[in-house]
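need coordinates for the below:
(one chain, ligands or ions: 1)
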Amino acid sequence: MSALASIHDLTVTYRRDGNAVAALRNISLDIVAGERLAVIGESGSGKSTLALAIAGLLPVSSAVDGRIEWPGPGCPPLLGRDIGFVFQDPSASLDPVMTVGKQIAEVARTHLGLTWSQAYAKAKTLLERVRLPDPDSALHAFPHQLSGGQKQRVAIAAAIAAGPKLLIADEATSALDTIVQAEIVALIRRLVAEDGMTLLFISHDIALATELAERIAVFRHGQLVELGTTARIVGAPAQAYTRTLLDAHIGLDAAPLLNRSGLHA
Ligand SMILES: Nc1ncnc2c1ncn2[C@@H]1O[C@H](COP(=O)(O)OP(=O)(O)OP(=O)(O)O)[C@@H](O)[C@H]1O
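A predicted model of the protein is given here:
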């Protein structure tokens, strides 16, 4: 089990209205190559800040202490080539005036050195892989012509176009309705398996996290509260806060969490 990334003592502080906001405090965590790791926690717990720090996307105004090591070859990783990032809102991550095909092809052309015609062929294959209906027409469609779930499929296709080793999905299903959420989770699971990617799945939804992840990291107020296998976190949480998160979910919707995780009858 080798680490794809090793996070050491990471502290991130933002400035807001002249005040310092500590978004992450002394986080140490390994992302194991090939694993599916979920980061869960309530709003404001620092999940997105962790994702942005790993992707090298923190705003310049933030202060960062600690370090992230990438032990493998060819490091540090390049966003778009080595790290694919899927954001919550596909409308914000897609260019509204560029066709879907061009947006995906551009990633492949930039990072894989393909010609435009090779890159468009790759884009079509990717649209097939993310199961967009009628990929030939979709190549020439603009984002506003697609549904929210279809746009997220396109954003995922663009994120994996260069064959990244790490896919970060930051609340990638939160803006979608429940059925589409489940479809996108299934899609991410399949693509990660097919391409042998490592997955960092950021979510406030513990049920979705249990469905997808092999390990879960629980964040609260910028701190890593608990880290363990999904089975252990769900079956025997060590921290009261984790239990509260589980109980909050179970109170609302017990059966799906337990059944979908496959951990209990
Ligand atoms: N660009 C920013 N400038 C100032 N403060 C920020 C910035 N981004 C995040 N914060 C603050 O940092 C803390 C952690 O935010 P972060 O977005 O990482 O949490 P989160 O767990 O992802 O929350 P959510 O699920 O609501 O996105 C919060 O207090 C938030 O208000």
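
which element follows the host helix or strand of Ile7 toward the C-terminus?
Using DSSP states H and E, Ile7 sits within strand 3-16. Downstream of strand 3-16, the first helix or strand assigned by DSSP H and E is strand 19-32.

list the buried residues of that next one.
Using 16 or more other Cβ atoms under 10 Å as the burial criterion, the residues of strand 19-32 that qualify are Ala22, Ala23, Leu24, Arg25, Ile27, Leu29, Asp30, Ile31. Where C-beta positions appear, they are placed from N, C-alpha and C, glycine not excepted.

restrict those to contacts with the ligand.
Ala23 (Cβ under 6 Å from any ligand atom).

okay, the buried residues of strand 19-32 in CSV with distance to Ser62 and pLDDT next?
Below are those laid out as CSV (distance: Cβ to Cβ, whole Å; pLDDT from 0 to 100):
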residue, distance to Ser62, pLDDT
Ala22, 11, 95
Ala23, 8, 97
Leu24, 10, 98
Arg25, 14, 98
Ile27, 14, 98
Leu29, 18, 97
Asp30, 23, 97
Ile31, 20, 98
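
quick revisit: helices or strands up against the strand holding Ile7?
For strand 3-16, the packing partners by 3 or more Cβ pairs under 8 Å, 6 or more residues apart in numbering; DSSP states H and E come out as strand 19-32, helix 47-55, strand 63-69.

right, and the ones you listed - which one's nearest Ala169?
With distances scored as Cβ to Cβ, the stretch of those nearest to Ala169 is helix 47-55 (8.7 Å).

would you report the backbone torsion angles of Ser43?
When read as degrees, to the nearest 10, the backbone of Ser43 gives phi -60, psi 130.

which parts of the stretch 51-200 of the chain sit against the ligand?
Applying Cβ under 6 Å from any ligand atom, we find that the stretch 51-200 of the chain lies next to the ligand at Pro59.

what about the strands in the stretch 51-200 of the chain?
Using DSSP state E, counting those that start in this stretch, the strands found in the stretch 51-200 of the chain span residues 63-69, 83-86, 166-170, 198-203.

can you redo those strands as JSON lines with mean pLDDT?
Below are those laid out as JSON lines (pLDDT from 0 to 100):
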{"stretch": "strand 63-69", "mean pLDDT": "96"}
{"stretch": "strand 83-86", "mean pLDDT": "97"}
{"stretch": "strand 166-170", "mean pLDDT": "97"}
{"stretch": "strand 198-203", "mean pLDDT": "97"}
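
redo the ones you listed as CSV? Include mean neighbour count.
Shown next, in CSV, are the strands of the stretch 51-200 of the chain (neighbours: other Cβ atoms under 10 Å):
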stretch, mean neighbour count
strand 63-69, 14
strand 83-86, 25
strand 166-170, 24
strand 198-203, 25
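
how near is the most centrally placed residue in the chain to Leu187?
When Cα atoms, centre = their mean is applied to the chain, the residue found nearest the centroid is Ala169 (1.4 Å). Ala169 sits 10 Å away from Leu187, going by Cβ to Cβ, to the nearest Å.

what does Ser203 give?
Ser203 is 15 Å from Leu187, by Cβ to Cβ.

return the residues in contact with whatever residue of the stretch 101-250 of the chain ends up closest to the ligand.
Across the stretch 101-250 of the chain, the shortest distance to the ligand (Cβ to the nearest ligand atom) belongs to His204, at 5.3 Å. By Cβ atoms under 8 Å, 6 or more residues apart in numbering, His204 lies in contact with Ile40, Gly41, Glu42, Ser43, Lys47, Glu171, Ser174.
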